[in-house]
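[1] Please find the sequence and the predicted model below.
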Amino acid sequence: MTEPSAEPAIVVRGLSKRYGGVTAVDGLDLEVRAGETLALLGPNGAGKTTTVECCEGYRSPDAGTVRVLGLDPRRDAAALRPRLGLMLQEGGVYPMARPMEVLRLFAAFHAAPLDPEALLERVGLNDARGTRFRDLSGGQKQRLSLALAVIGRPEVVFLDEPTAGLDPAARRLTWQHVSELRAGGVTVVLTTHLLDEAEHLADRVAIIDHGRLVALGTPDELTRSGHDELEFSARPGLDVAALGSELGADVRAVRPGWYALQAPNEPATVARLALWLERHDVRIGELRSGRRTLEDVFLRLTADDGGEVSAVGPRVAQRRARRRSRAVQEDLEVGS
Amino acid sequence: MSTTPVDGTARARAPVASAPPTDRGRTPWARAVIAQALMELRLLVRSGESLIVTFGIPVGFLVFFSQVDVLPTGDQAPVDFLVPGVLAISVAATGLVAVAIQTAFERKYGVLKRLGGTPLSRTGFLVAKGVAVALLLAVQTGLVIGLAVLALGWRPAGGVPLALGLVVLGAVTFTGLGLLMAGTLRAEATLALSNAVFLVLLVVSGVTFDADALPDSLAAIGTVLPVGALGEALRVALGGGGLALAETVTVALWGLVAIGLASRAFRWEP
């Protein structure tokens, strides 16, 4: 929608959902503004899909409320579904059907659909129009699913891991389509565990872990939180208390040979640090200011031991994080 | 407008965007259901295995056993005996085997779940399936009767409208049974079980040969199974004997139980 809209497109309040003894979503609050692209980021099993499926009307919440375009996704399903577009994690298309047939079918479900022919061309499936779905490549399948999500000119689109299993080129193409949706004023909610995807596409990123919202903000806001921190490496055993009082800031040894200053990255701070180092004849190895990558933020926030990570300091967290990031990568390949 | 964006840009610019959502949300229900029914039908026809069961077996039975006198058909001419039974087999093949297997794999591949997220309601989906089954059965019934009349010299003794009504009743019952399997069992289990059940029904139900040739206990079982009951009801109807009440009630009861259970236990998700 082009007109400014005060009403959020999606409002989730205290959403909880359990499967047997497992709590998938645990008191989640979230608002998605009309026309924004929101990425739900989280490790496998964090509750992303369950949250999205509660919004799509596939699941009813155990507790809490979900409103999409002001409607209850289950009670008002008939009114809501024509206004939603969705892409499930798994294909959801007849294996024996051909892309053009499926596009025509889905077009018939909607009052004012996009032209199937133009859409087929648009998502680059023209050459595959007569290929059975089961014989399409992974990227072609995903692109058809995306086309099916948008053919009814939806106001809100849910994309559950839209680029899972795609090669980088196919991923770029999907990103382009999602960006176009955003440009057209469509509200987009996408789940991903790809950080660059969230960073690239999303106006705001919601990080979910263990069914709870652990961070919400623009990629810029999330990565800026480390701005008031300077870190340097030097010989172990510096007098952090003396340095701290010299600089008027909290200084901690986060691990042997690494020191963190809780101070803004101002030239004056760096100059005073340099003076102190000169006076004490300390040679530094590295000096870095803390604009973190989204990956750092994500891995810190979704570490298995939760809040305890910050207690051991960022470097340790980062090392742990790197180990974990390899595991995440592996998950990705298997998970698709 | 040479490039049509994948998104709703065009809509956002168009005045329709500011119309009340309910207006642009309304989809002609009939259009959606017809499109879905045609898709179902195309896929049923596209699956070669399913065509063998729905057309090959009934027609094959009819032609082979009316020409080769190997089956005990009582005191009737083989073709008089065979046509009602083959019609019952056709109905069972479509409802119990073809629809069951197709629907089971639709569920497995998430098609049912995905369709559930479209404006096509579940009712619309089921109506579409029913329409597809009806159209397929119309072709099957036409083929069986046409072949029997034109090539095999069959003349019904009467009761054709009643027989057609029984075919519809049978279609509802067997489609209900098929959906019950498809919605509750794994796709592979549905595939195996529906074929096995179909085969057992063929053997014990006396639709292609006189049930008197079976041991009494087996024949008794056959008469309470839906294929046997439908075959017998059709035989009575087409033999000019009117409505066979017990058999018709048997078919209807199977249908009621199947649909009742399916509506409770059917799972739409994989």
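    Alright, I've got the coordinates.

[2] Quickly find the element holding the closest residue to residue B:116 other than its chain neighbours.
    Among residues not flanking residue B:116 along the chain, residue B:268 sits closest, at 5.6 Å (Cβ to Cβ, 6 or more residues apart in numbering or on different chains). C-betas here are computed from N, CA, C, even on glycine. Of the helices and strands defined by DSSP states H and E, none includes residue B:268.

[3] what's the neighbour count on residue B:268?
    For residue B:268, the neighbour count with other Cβ atoms under 10 Å in any protein chain shown is 17.

[4] Tell me how far it lies from residue B:111.
    When Cβ to Cβ, to the nearest Å is the yardstick, residue B:268 and residue B:111 sit 10 Å from each other.

[5] For residue A:39, give me the backbone phi and psi.
    Backbone torsions of residue A:39, given as degrees, to the nearest 10, read phi -100, psi 130.

[6] Next: residue B:193.
    Dihedral angles (degrees, to the nearest 10) for residue B:193: phi -70, psi -40.

[7] Let me see the contact set for it.
    Residue B:193 makes contact with B:181, B:185, according to Cβ atoms under 8 Å, 6 or more residues apart in numbering or on different chains.

[8] how far away is it from residue B:87?
    Counting by Cβ to Cβ, the gap from residue B:193 to residue B:87 is 23 Å.

[9] Please apply the same query to residue A:161.
    Counting by Cβ to Cβ - residue A:161 and residue B:87 are separated by 49 Å.

[10] With neighbour numbers in mind, choose between those two.
    The neighbour comparison of residue A:161 against residue B:87 (other Cβ under 10 Å) goes to residue B:87, with 29 against 25.

[11] Which strand or helix spans the more buried one?
    helix B:78-92.

[12] same check, this time on residue A:216
    In this structure, residue A:216 is located in strand A:212-217 according to DSSP H and E.

[13] Please identify the buried residues of whatever helix or strand comes next after that strand?
    Following strand A:212-217 in sequence order, the next helix or strand is helix A:219-224 (DSSP H and E). Buried residues in helix A:219-224, counting neighbours by 16 or more other Cβ atoms under 10 Å in any protein chain shown, are found at A:219, A:222, A:223.

[14] Quick one: those residues as CSV, columns for pLDDT and distance to chain B too.
    Output for the buried residues of helix A:219-224, formatted as CSV (pLDDT from 0 to 100; distance: Cβ to the nearest Cβ, whole Å):
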residue, pLDDT, distance to chain B
A:219, 85, 21
A:222, 81, 26
A:223, 74, 28
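
[15] between these, which is nearest residue A:153?
    Within these, proximity to residue A:153 (Cβ to Cβ) peaks at residue A:219, which comes in at 28.1 Å.

[16] mind giving me the domain split of chain A?
    Following automatic domain parsing, chain A resolves into domains at A:10-222, A:230-289.

[17] Look at the closest residue to chain A within chain B and say how many residues are nearby.
    Residue nearest to chain A within chain B (Cβ to the nearest Cβ): residue B:114, separated by 3.0 Å. For residue B:114, the count of nearby residues is 24 (other Cβ under 10 Å).

[18] tell me the contacts of residue B:31?
    With Cβ under 8 Å, 6+ apart, residue B:31 has these contacts: residue A:108.

[19] Tell me how far it lies from residue A:110.
    Taking Cβ to Cβ as the measure, residue B:31 falls 10 Å from residue A:110.

[20] The one helix or strand residue B:147 maps to packs against which elements?
    Using DSSP H and E, residue B:147 falls within helix B:122-150. Counting by 3 or more Cβ pairs under 8 Å, 6 or more residues apart in numbering or on different chains; DSSP states H and E, the packing neighbours recorded for helix B:122-150 are helix B:29-46, helix B:57-67, helix B:78-92, helix B:111-116, helix B:160-184.

[21] Deepest in the core, which of the ones you listed is it.
    Mean neighbours per residue, mean count of other Cβ atoms under 10 Å in any protein chain shown, is largest over the helices and strands packed on helix B:122-150 for helix B:78-92, with a mean of 27.

[22] where does the stretch 1-150 of chain A have low pLDDT?
    By pLDDT under 70, the low-scoring segments of the stretch 1-150 of chain A are A:1-6.

[23] Just the helices from it, written as ranges.
    Here the stretch 1-150 of chain A has its helices, by DSSP state H, counting those that start in this stretch, at A:48-56, A:77-80, A:99-108, A:116-122, A:138-150.

[24] got the contact list for the helix or strand that the last one is followed by?
    Pointing back at helix A:138-150 there. Using DSSP H and E, the helix or strand that follows helix A:138-150 in sequence is strand A:156-160. With contact meaning Cβ under 8 Å, 6+ apart, strand A:156-160 is reached by A:9-10, A:48-49, A:52, A:55-56, A:68-69, A:83-89, A:146, A:149-150, A:178, A:181, A:186-191.

[25] ok, the residue lying closest to residue A:117 once chain neighbours are set aside - contacts?
    Spatial nearest neighbour of residue A:117, chain neighbours left out: residue A:100 (7.9 Å); criterion: Cβ to Cβ, 6+ apart. Residue A:100 is in contact with A:116, A:117, A:120, A:129, A:130, counting by Cβ under 8 Å, 6+ apart.

[26] Surely residue A:195 and residue A:302 touch.
    No: in this structure, residue A:195 is not within contact of residue A:302 by Cβ atoms under 8 Å, at 11.0 Å.

[27] Leaving out the residues flanking it, which one is nearest to residue B:149?
    Once flanking residues are discounted, residue B:149 sits nearest to residue B:155: 7.3 Å by Cβ to Cβ, 6+ apart.

[28] Pull the number of nearby residues for the one you found.
    By the criterion of other Cβ under 10 Å, residue B:155 has 10 neighbours.

[29] how about it, phi and psi?
    For residue B:155, the backbone dihedrals (degrees, to the nearest 10) come out as phi -130, psi 120.

[30] number of nearby residues for residue A:76?
    Residue A:76 has 15 neighbours, counted by other Cβ under 10 Å.

[31] Also residue A:283?
    A count of neighbours around residue A:283, defined by other Cβ under 10 Å, yields 8.

[32] Now do the contacts for it.
    When contacts are counted by Cβ under 8 Å, 6+ apart, residue A:283 touches A:234, A:235, A:277.

[33] Worst mean pLDDT across the helices and strands of chain B, which element?
    Least confident helix or strand, chain B: helix B:9-13 with a mean of 39, by mean pLDDT, DSSP states H and E.

[34] Show me the shaky parts of chain B.
    Within chain B, the stretches with pLDDT under 70 are B:1-27, B:69-75, B:207-212.

[35] again, 80 this time
    Along chain B, segments meeting pLDDT under 80 span B:1-27, B:48-49, B:66-78, B:201, B:203-223.

[36] Tell me which residue lies nearest the centroid of it.
    For chain B, the residue sitting closest to the mean C-alpha position, by Cα atoms, centre = their mean, is residue B:95 at 2.5 Å.

[37] Can you tell me the closest non-neighbouring residue to it?
    Leaving aside its sequence neighbours, residue B:95 sits nearest to residue B:174 (Cβ to Cβ, 6+ apart; 2.7 Å).

[38] I'd like the distance between that neighbour and residue B:91.
    Distance from residue B:174 to residue B:91, counting by Cβ to Cβ: 6 Å.

[39] Dump stretch A:58-70 to PDB, restricted to CA.
    Extracted C-alpha coordinates of stretch A:58-70, given in PDB (Å, rounded to 0.1, in the frame of the first residue of the first chain):
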ATOM      1  CA  TYR A  58      -2.200 -23.200   9.600                       C
ATOM      2  CA  ARG A  59      -1.900 -23.400  13.400                       C
ATOM      3  CA  SER A  60      -4.000 -22.100  16.200                       C
ATOM      4  CA  PRO A  61      -2.100 -20.500  19.100                       C
ATOM      5  CA  ASP A  62      -2.100 -22.200  22.500                       C
ATOM      6  CA  ALA A  63      -2.000 -18.700  24.000                       C
ATOM      7  CA  GLY A  64      -1.900 -15.200  22.700                       C
ATOM      8  CA  THR A  65      -3.300 -13.500  19.700                       C
ATOM      9  CA  VAL A  66      -2.300 -13.100  16.000                       C
ATOM     10  CA  ARG A  67      -3.900 -10.500  13.800                       C
ATOM     11  CA  VAL A  68      -3.000 -10.200  10.100                       C
ATOM     12  CA  LEU A  69      -4.400  -7.100   8.300                       C
ATOM     13  CA  GLY A  70      -6.600  -6.800  11.400                       C
END
